[in-house]
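Colleague: sequence-free structure coming up:
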Ligand code: F6R
């Protein structure tokens, strides 16, 4: 794992955006898997902005949404679906055929997981962009998730249910999430994990310095052969050295 610490959220986001753009320039048919949330938002806006201004060709890429809140409609502004359309797909004018998001209203959860597993197996993920939950989750791979897990529906941790309210306009009941599995996260060619802000400092300390364990899934980044942990100064402030 390589740790990179940037001055602030702006610089962190610019660096993450550059990694995404560089990946696509190197492999125009790349399969990218993107988390949503507060952390990567600016990076995606920067990607969209640069792609348009610099005419970076994303037309051959495929984008997978890392996860989704089960039972939440795609037009809910708190959904991962809405987020990726709003900050990335719409500004980049991306074609629907390039986009692979979970259907959180699907009756057949297994079929929904199988579809994603098939796509990942067939292509392999070139670049995976993830944030870190306050409980160390990656996607909705909650503490204790099997390291060999593929795409699955997870019962959400209490911390995830509480923190997750921040994305929604009003109080919602969120019990389950569908997510790409830890095995698939770890098998991505490149893993980019991002965190910013003072409230993520204890989480980053654990992710980078604790023993590797699925009881804090973010620690797995330590053993990814091409893993990058990108933070701002605030999120890195509790690290022994950076
Ligand atoms: C969302 C996702 C989550 C978030 C994590 C951090 O698609 O995969 O694991 O990355 O909960 O969220 P923020 O960035 O809002 O702090």
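Modeller: In hand now; what should we look at? The model shown is predicted, which means the values in this text are computed figures rather than measured ones.

Colleague: what is the mean pLDDT for the strand or helix carrying residue 19?
Modeller: Taking DSSP states H and E as the definition, residue 19 sits inside helix 9-26. Averaged over helix 9-26, pLDDT sits at 98.

Colleague: From the contact counts, what lies against it?
Modeller: On a contact count with 3 or more C-beta pairs under 8 Å, 6 or more residues apart in numbering; DSSP states H and E, helix 9-26 meets strand 2-6, strand 31-34, helix 41-53, strand 127-130, strand 190-195, strand 227-232. Heads up, the C-betas are built off the backbone N, CA and C, glycines and all.

Colleague: what helices or strands is the last one leaning on?
Modeller: The contact analysis (3+ C-beta pairs under 8 Å, 6+ apart) places strand 227-232 against strand 2-6, helix 9-26, strand 190-195, helix 201-209.

Colleague: Which residues belonging to the first one are considered buried?
Modeller: I take that to be strand 2-6. Within strand 2-6, the residues that qualify as buried are 3, 5-6, counting by 16 or more other C-beta atoms under 10 Å.

Colleague: Neighbouring strands of it in the sheet, and parallel or not?
Modeller: strand 227-232 (parallel) (DSSP bridges).

Colleague: quick one: contacts of the partner strand?
Modeller: With contacts defined as C-beta atoms under 8 Å, 6 or more residues apart in numbering, strand 227-232 is touched by 1-9, 11-12, 15-16, 19, 190-197, 200, 204, 207-208, 221.

Colleague: Please pick the buried ones from these.
Modeller: Buried, going by 16+ other C-beta under 10 Å: 1, 3, 5-6, 9, 12, 15-16, 19, 190-196, 200, 204, 207-208, 221, out of these.

Colleague: Show me what from the chain comes close to the ligand.
Modeller: Contact residues (C-beta under 6 Å from any ligand atom) of the chain with the ligand: 35-39, 66-67, 80, 130-133, 137, 139.

Colleague: And the buried ones among these, selectable in ChimeraX?
Modeller: To isolate the buried ones among those in ChimeraX, judged by 16+ other C-beta under 10 Å, type:
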select :35,36,37,39,66,67,80,130,131,132,133,137,139
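
Colleague: Which of the residues of the chain next to the ligand fall in helices?
Modeller: Using DSSP state H, the subset of the residues of the chain next to the ligand located in helices is residue 80.
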